[in-house]
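Peer 1: make a model of this:
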Amino acid sequence: MLVIENKSLRNAVRIAVPFVIIPTLIIFGATVFEERRYLIVSTGVALFALLLFAAGYEKKPTGSRRMIIVAVMTALCITGRFIPFFKPVTALTVITAIYLGGEAGFLVGAMSALLSNFYFGQGPWTPFQMLAWGMTGLIAGILAKPLKRYKWLLLVYGVLAGVLYSLVMDVWTVIWYDGSFRTELYLSALVTAIPHTVMYSVSNFIFLWFTAKPFGEKLERVKIKYGV
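Peer 2: Residues are numbered from 1 along each chain as shown. A predicted model of the protein is given here:
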């Protein structure tokens, strides 16, 4: 497994990959590449998500153990997408990020979108889903301490995560419809998507309410037992 030992390089990767490289790759792919090339973009996002994950730890054994837990959480997210209407993907991604770090949360969110879409349907929208769920996890990792301490704040974050998902996905909606980004179309898309955004936010609220504590306790025990 790749290990980034230089601390300055790790910090640079943590900033550049999620906030610059991946968004640029996705926008470039959506506006320049032909639609059939979306799998190239999705693969690129996945590889950079792995690089970001590698930047989240210093020692190879720790990263390997964390990867196993991330794989399990990703599998649970993929399974959860089969639940009608209410999807636990965001809740599980957020919980992973709080207890294993934002880099792990980003990887779970991104890979959940990519792998589950082999069943639900791959398309130019997949990289945007990877970014939306990935950023939800990354931000949750940054806010881990207050989110872990205050349940009400965690629930509010879950609601806002539903809004974040719509904000990212409606960028794709506008580009798909118009071939470029126009603010008026974007605002219109946001308004049209309000019912779906509300349902998604409520879903996040419910799943975090019921799963945050039991999943969190299990992840804490795993971390202590295996020295993650």
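
Peer 1: give the contact list for residue 167.
Peer 2: With CB atoms under 8 Å, 6 or more residues apart in numbering as the criterion, the residues that contact residue 167 are residue 190. From N, CA and C alone the C-beta is placed, and that goes for glycine too.

Peer 1: just the buried residues of the helix or strand encompassing it, please?
Peer 2: Assessed by DSSP states H and E, residue 167 sits inside helix 151-178. Neighbour counts using 16 or more other CB atoms under 10 Å place 154-155, 157-159, 161-175 of helix 151-178 among the buried residues.

Peer 1: mind listing what's buried along stretch 38-50?
Peer 2: Within stretch 38-50, the residues scored as buried using 16+ other CB under 10 Å are 38, 41-42, 44-46, 48-50.

Peer 1: could you do stretch 72-87 as well?
Peer 2: Judged by neighbour count (16+ other CB under 10 Å), stretch 72-87 contains these buried residues: 73-74, 76-78, 80-81, 87.

Peer 1: least trustworthy helix or strand in this protein by mean pLDDT?
Peer 2: When the helices and strands of the chain are scored by mean pLDDT, DSSP states H and E, helix 60-80 comes last with a mean of 85.

Peer 1: what's next to it, contact-wise?
Peer 2: For helix 60-80, the surrounding residues in contact (CB under 8 Å, 6+ apart) are 1, 3, 53-54, 56-57, 87-89, 92-93, 95-96, 100-101, 104, 107-109, 111-112, 115-116, 219, 222, 226-228.

Peer 1: pLDDT averaged over the helix holding residue 167 - what is it?
Peer 2: For helix 151-178, the mean per-residue pLDDT is 92.

Peer 1: give me the distance from it to the chain's centre.
Peer 2: When C-alpha coordinates are averaged (CA atoms, centre = their mean, to the nearest Å), helix 151-178 and its chain have centres 11 Å apart.

Peer 1: next structured bit after that helix?
Peer 2: Read in the C-terminal direction, the helix or strand following helix 151-178 is helix 183-192, with elements assigned using DSSP H and E.

Peer 1: and the next element down the chain from the least confident helix or strand of the chain?
Peer 2: helix 89-100.

Peer 1: using PDB, write out every CA atom in that next one.
Peer 2: Output in PDB follows, covering the C-alpha atoms of helix 89-100 (Å, rounded to 0.1, in the frame of the first residue of the first chain):
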ATOM      1  CA  VAL A  89     -25.100   6.200   2.100                       C
ATOM      2  CA  THR A  90     -24.600   9.700   3.500                       C
ATOM      3  CA  ALA A  91     -25.100   8.600   7.200                       C
ATOM      4  CA  LEU A  92     -22.600   5.800   6.900                       C
ATOM      5  CA  THR A  93     -20.100   8.000   5.000                       C
ATOM      6  CA  VAL A  94     -20.400  10.700   7.800                       C
ATOM      7  CA  ILE A  95     -20.000   8.100  10.600                       C
ATOM      8  CA  THR A  96     -16.900   6.700   8.800                       C
ATOM      9  CA  ALA A  97     -15.400  10.100   8.500                       C
ATOM     10  CA  ILE A  98     -16.000  11.100  12.100                       C
ATOM     11  CA  TYR A  99     -14.300   8.000  13.500                       C
ATOM     12  CA  LEU A 100     -11.700   7.200  10.800                       C
END
